[in-house]
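Peer 1: what follows is a predicted structure for the sequence shown.
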Amino acid sequence: MVKDFISLADFTADELMHFLNLADELKAQKKAGIPHPLLNGKTLALIFEKPSLRTRLTFQVGMYQLGGTTQLIDTRLGERESVADVARNLERWVDGIMARTFAHKHVIELAEKASIPVINALTDKLHPCQILADVQTLREHKGKDLSSLKVAFVGDGNNVFHSWANFVSRLPLNLTLVCPEGYEGDPEIIERVRKETRAEFVITQDPEAGLKDADAVYTDVWASMGQEDEAAERAKIFAPYQVNSTLMGWAKKDALFMHCLPAHRGAEVTSEIIDGPNSVCFDQAENRLHAQKAVLATLMGGVS
């Protein structure tokens, strides 16, 4: 097992399954009221460059439930002092670092310079914690045989999609990106995933074709944090890709609707879909707690 949790592509299929199975186990223990202080006495530093609800609370609560504690740091890495100096200081005081940053290179540098585990809680390039929670949710609702499932990701080929692509490069799950031309994601990631995946990996501009036979339809905001100046233009470009009753009608009748949140009702998704009976977005949000606890317990506690 690698020291840090930066990208899902850093792990083997067996290691990813370990995280998922441990997340299920920790969730069951929490529901049963069984204590699991696997990180008793340990401290996690939380670095936030971006606003956060789910990430902040689930890491704080998760460490508490594992018997540890957190220390919050609101800062922009590389401004007041170098990323390397931040890493070298923190490794003297805490047992792990969680970072939610703009620049992906800053998380990479933290991991390179710190002797303690570093967890990527979101960068402009990747969002691996979210996808672990998403797959945990998918397994709960559709069964643990991922190879027979198709996820249609509708919208921007962004950091969330990149991490979905990294996941399917390790475990067989069929993934289709449905997006406007020019928003297909990072070409290097796409090329590598095409070579490595054992499942169907498709990118299309046709929503009807892309959603055909989908077991889950996933979307995200059209303009991510840091892209606010592009929001108006993106709203025009992505309007045909709004997840509404028409688009959901092209997927399987029992297709799940998934969203990593926060959501903009009336933009990337309509209220009737996100608040409808097939929506599991709040299950995904809940599972951020359990999936991240699995990562924390493994990297900081040596759970095997």
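Peer 2: Great, that's in hand.

Peer 1: Ser7 touches Val118, doesn't it?
Peer 2: No - judged on C-beta atoms under 8 Å, Ser7 makes no contact with Val118 at a distance of 11.7 Å. C-beta: built from backbone N, CA, C; applies to glycine.

Peer 1: need the pLDDT of the nearest residue to Asp220 once chain neighbours are set aside.
Peer 2: Excluding the flanking residues, the one nearest Asp220 by C-beta to C-beta, 6 or more residues apart in numbering is Val160, at 5.1 Å. We note a pLDDT of 98 for Val160 in this prediction.

Peer 1: equivalent analysis for Glu230, please.
Peer 2: For Glu230, pLDDT reads 81.

Peer 1: got the phi/psi numbers for the residue nearest the centre of the chain?
Peer 2: When C-alpha atoms, centre = their mean is applied to the chain, the residue found nearest the centroid is Gln130 (2.0 Å). With angles defined as degrees, to the nearest 10, Gln130 sits at phi -60, psi -40.

Peer 1: list the contacts of it.
Peer 2: Neighbouring residues of Gln130 by C-beta atoms under 8 Å, 6 or more residues apart in numbering: Leu122, Val160, Ser163, Cys260, Gln284, Arg288.

Peer 1: OK, contacts around the second one?
Peer 2: With contact taken as C-beta under 8 Å, 6+ apart, Val160 is in contact with His127, Gln130, Ile131, Phe153, Asp220, Cys260.

Peer 1: now do Ile119 against Asp254, distance only.
Peer 2: Distance, Ile119 to Asp254, by C-beta to C-beta, to the nearest Å: 34 Å.

Peer 1: before we move on, which element is the residue nearest to Asp220 in?
Peer 2: Assessed by DSSP states H and E, Val160 sits inside helix 159-168.

Peer 1: which element follows that helix toward the C-terminus?
Peer 2: Of the helices and strands lying after helix 159-168 in sequence (DSSP H and E), the nearest is strand 174-178.

Peer 1: for the following helix or strand past that following strand, packing partners?
Peer 2: Sequence-wise, the next helix or strand downstream of strand 174-178 (DSSP H and E) is helix 187-196. Helices and strands touching helix 187-196, by 3 or more C-beta pairs under 8 Å, 6 or more residues apart in numbering; DSSP states H and E, are helix 159-168, strand 201-204.

Peer 1: surely Val280 and Thr137 touch.
Peer 2: Yes - counting by C-beta under 8 Å, Val280 touches Thr137, with 5.5 Å between them.

Peer 1: which neighbours do the two share?
Peer 2: Residues touching both Val280 and Thr137 (C-beta under 8 Å, 6+ apart) are Met258.

Peer 1: what ranges do the strands span in this protein?
Peer 2: 43-48, 69-74, 96-100, 118-122, 150-154, 174-178, 201-204, 216-219, 256-259 (DSSP state E).

Peer 1: state the mean pLDDT of the fifth one.
Peer 2: Mean pLDDT, strand 150-154: 98.

Peer 1: quick one, what contacts Pro37?
Peer 2: With contacts defined as C-beta under 8 Å, 6+ apart, Pro37 is in contact with Leu66, Gly67.

Peer 1: tell me the pLDDT at it?
Peer 2: pLDDT, Pro37: 97.

Peer 1: I'd like the distance between it and Leu289.
Peer 2: From Pro37 to Leu289 the distance is 16 Å (C-beta to C-beta).

Peer 1: these two touch, right, Asn288 and Arg56?
Peer 2: Quick fix: residue 288 is Arg, not Asn. No - between Arg288 and Arg56 there is no contact, the gap being 10.6 Å when judged by C-beta under 8 Å.

Peer 1: joint contacts of those two?
Peer 2: With C-beta under 8 Å, 6+ apart, Arg288 and Arg56 have no common neighbours.

Peer 1: looking at those two, which one has more neighbours?
Peer 2: Arg288 (27 against 17; other C-beta atoms under 10 Å).

Peer 1: and stretch 249-256, how far from the chain's centre?
Peer 2: 23 Å (C-alpha atoms, centre = their mean, to the nearest Å).

Peer 1: quick one: mean pLDDT over that stretch.
Peer 2: Mean predicted confidence for stretch 249-256 is 98.

Peer 1: and that stretch, how far apart are its ends?
Peer 2: End-to-end distance of stretch 249-256 (C-alpha to C-alpha, to the nearest Å): 12 Å.

Peer 1: now do the buried residues in it.
Peer 2: Buried residues in stretch 249-256, defined by neighbour count with 16 or more other C-beta atoms under 10 Å: Trp250, Ala251, Lys252, Ala255, Leu256.
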